[in-house]
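*Asks:* I need the structure of the sequence given here:
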Amino acid sequence: MHHRLAVELEPAEGRITVTDRLSVPEDGGGVMRFQLAADFAVEAEGARLDRAFLSRDGLRSYELEPSPGAREVVLRYSGRIGSGAVHPEHGMPDAVVSAEGVYLDGAAGWYPRFGDALATFELEVSAPAGWEVVSQGERATTAAGVRWVERSPQDDIYLVAGPFQRYADRAGEVALEVYLLEKDPDLARRYLDALARYVVIYRELLGPYPYAKFAVVENRWQTGYGMPSFTLLGSRVLRLPFILDSSLPHELLHNWWGNGVLVDLRDGNWSEGLTAYLADYLVQEARGRGAEYRRGALQRYENFAAERRDAPLREFRSRHDEASQAIGYGKSLMLFHMLRRDLGDAAFIAALRDFSRRWMHRPARFGDLYAAFAAAAGRDLAADRAQWLERPGAPELVVEDARIGASDGRHRLIVRLAQTQEEAPFRLTVPVAVTLQGEATARLFDVRFDGGRQAVLDVTLDADPLRVDVDPGFDAFRRLAPGEVPPSLGTLFGAKRQVLVMPAAASPAEQQAWRELGEQWRRRYRGVEVVDDGALKELPKDAAVWILGWDNRFAMPAAARFGADRLNPATGTAGVGGVDVKRAREALVLVAADAVPMPLGFVGADGPEAIAAMARKLPHYSRFGRLVFDRASGENTFKDERTSDRSALTRFLTADEVPRAALPPDAVLAPQAAN
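*Replies:* Next up, the predicted model:
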């Protein structure tokens, strides 16, 4: 469908008036069904219009039959829009037309949607003086206002408007824009420069950028949304320094995956994992932190999705909780990492470029993406595809045996690996690092499980092997072994049962803030209970426990569990990683280094605002075990991960413990590799 939309916004009255000139298909269209917001008064020219039923989501269905020979149908409608429903996480309404700004998408029914039919459009908007309007496509100013034209098929049409300050630049043929709610040329410049850099990187890696522009739009709600050719970032989110190299490339990359090549959800949403791998992950790999990021992905899976909370990738549609995120983003990106190791960088990039070229602005399935990888690999990948898309679960690895023998004056190393999970074995390639006498860098060998539970590394070496580490770089998707999972906030968040112990000595306002923290976490995690410290004789031994507040009566008895951090609730002090923490100055979060008899966390924060900040911030720090925040600004000033014990996947081949030799660095995807 092609829409020519003329829109008049009346924000002060909360109203919108629309004229939509629809091109009639060459076959005359027949009876076409569409939906609009239920409160609109609708008239049609050049067609018969019948109302149908009112749906539960606040939309009304219509039947439209163009007049014989008509090449265009005109729909005119006006009214208020929006159900009043708000997002449970950040509070943004499903549709907004107000004096503060406008946000409308197809789900709100602001334009006629004809089922799953894709649309192109021309959109001209009349808005109040001093306002800017944003949508997909190419921008132009007219006498009536702003005009956007998008001639590539879209699965939604967005309308965003407000009193923005607009900043613009270019990266070759791509227009770059930043829309801010207040004047801030320095912030805009940082975003424009970062966009110019990432547009070039991804264009060289994946092929032409599929839109005329990319815009960063500030939102007064704390969102991180990616739409075709623009992103809607919350005011606080926008000003976080790390967003320039995390969320920004992620949302830009969605214009290739998800908003460019569209997602056919019949066998799962492939775009989130692929985008996370080529944006969030790849930035960290380029900084030498690839193994750390992969371990984090496996740790989130361990905390939130393992133990029968997993699902096949074909069932992932979108993130709605921690488990779905661990699957649809983490498990999926590990799949793409394994494919890249299997194919090599050149074939991996060639597959992505071919997939982008073939499927741009068309819906594609996970199977279509796998077909591109199979073509680049020159072999059938159906067996590997089936196990990851169709099966839940993950491999659990053990070292059954590791021994050295002599072979013609050389050293023969035999390592036997096994998969021990209840489910059937997975086809899997597992890197094994061997530390050799006199060599500073470990040798890496790939061991392949081809459908059985056992796999063997049998190799002859010139130097004496001292130590074996199975998958030390976390390159294989698997369950983490004992000793590989450091205690972290995620250990508690992912527990089957969490008991939040609230201090009775706190002021009524603080007690309310602690309860609200519990309510927020209850909506996000399973098994969250909030109890008063006066209601307990001792801490539970069958649940993860959070001790909330410096004045909690369990804080002093539990301080010994945080011995290395010198926690002293009586004086309101601690010593964390060389940082002297004082209650009057900082908020403190600790996870005990041991989990016996239960995982234990401590949150020291004073005042309702600081407690509310902890409620909001801590879920985003789930891989860390120690955190310090400035009380005045709320900024994180210290964070680190607890160290883990020696991995159960390590074997020493001598009587002495031998430090692991350095691993070869990750190979960074190079755009020129596709040439």
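
*Asks:* distance check, the residue nearest to Pro665 when sequence neighbours are not counted against Asp345.
*Replies:* Distance criterion C-beta to C-beta, 6 or more residues apart in numbering; nearest residue to Pro665, sequence neighbours excluded, is Gly288 at 6.8 Å. Any C-beta I mention is one placed from the backbone N, CA and C, and that applies to glycine too. Distance of Gly288 to Asp345, given as C-beta to C-beta, to the nearest Å: 17 Å.

*Asks:* neighbours of the residue nearest to Pro665, how many?
*Replies:* Gly288 has 11 neighbours, counted by other C-beta atoms under 10 Å.

*Asks:* now do the buried residues in the helix or strand of the chain with the lowest mean pLDDT.
*Replies:* In the chain, no helix or strand scores lower on mean pLDDT, DSSP states H and E than strand 47-54, which sits at a mean of 84. Residues of strand 47-54 classed as buried by neighbour count (16 or more other C-beta atoms under 10 Å): Ala47.

*Asks:* name the helices or strands packed onto the lengthiest helix in the chain?
*Replies:* If you go by DSSP state H, the chain has its longest helix at helix 185-206. With contacts taken as 3 or more C-beta pairs under 8 Å, 6 or more residues apart in numbering; DSSP states H and E, helix 185-206 sits against strand 165-171, strand 174-180, strand 213-219, helix 247-253, helix 345-359.

*Asks:* what's the closest of these to Thr654?
*Replies:* Among the helices and strands packed on helix 185-206, helix 345-359 comes nearest to Thr654, with 36.1 Å by C-beta to C-beta.

*Asks:* list the helices and strands the closest one packs on?
*Replies:* In terms of contacts (3+ C-beta pairs under 8 Å, 6+ apart), helix 345-359 is packed against helix 185-206, helix 332-343, helix 366-377.

*Asks:* got the angle between it and helix 332-343?
*Replies:* Between helix 345-359 and helix 332-343, the angle comes out at 120 degrees (axes from the mean of the first three to the mean of the last three C-alpha atoms, to 10 degrees).

*Asks:* which residues sit in contact with the closest residue to Ala613 other than its chain neighbours?
*Replies:* Counting by C-beta to C-beta, 6+ apart, Gly634 is the residue found nearest to Ala613 once chain neighbours are left out, at 4.7 Å. Under the criterion of C-beta atoms under 8 Å, 6 or more residues apart in numbering, the neighbours of Gly634 are Glu609, Ala610, Ala613, Lys617.

*Asks:* wait, is the second one part of a helix?
*Replies:* Right, Ala610. Yes - counting by DSSP: H, G, I helix; E, B strand; the rest coil, Ala610 is found in a helix.

*Asks:* count of neighbours near the closest residue to it other than its chain neighbours?
*Replies:* Spatial nearest neighbour of Ala610, chain neighbours left out: Ala587 (5.3 Å); criterion: C-beta to C-beta, 6+ apart. By other C-beta under 10 Å, the residues close to Ala587 number 25.

*Asks:* for Gln520, see how far away Ala587 is.
*Replies:* 16 Å.

*Asks:* same thing with Ala584?
*Replies:* 26 Å.

*Asks:* between these two, which is the more surrounded one?
*Replies:* Between Ala584 and Gln520, counting by other C-beta under 10 Å, Gln520 is the more crowded of the two (18 against 8).
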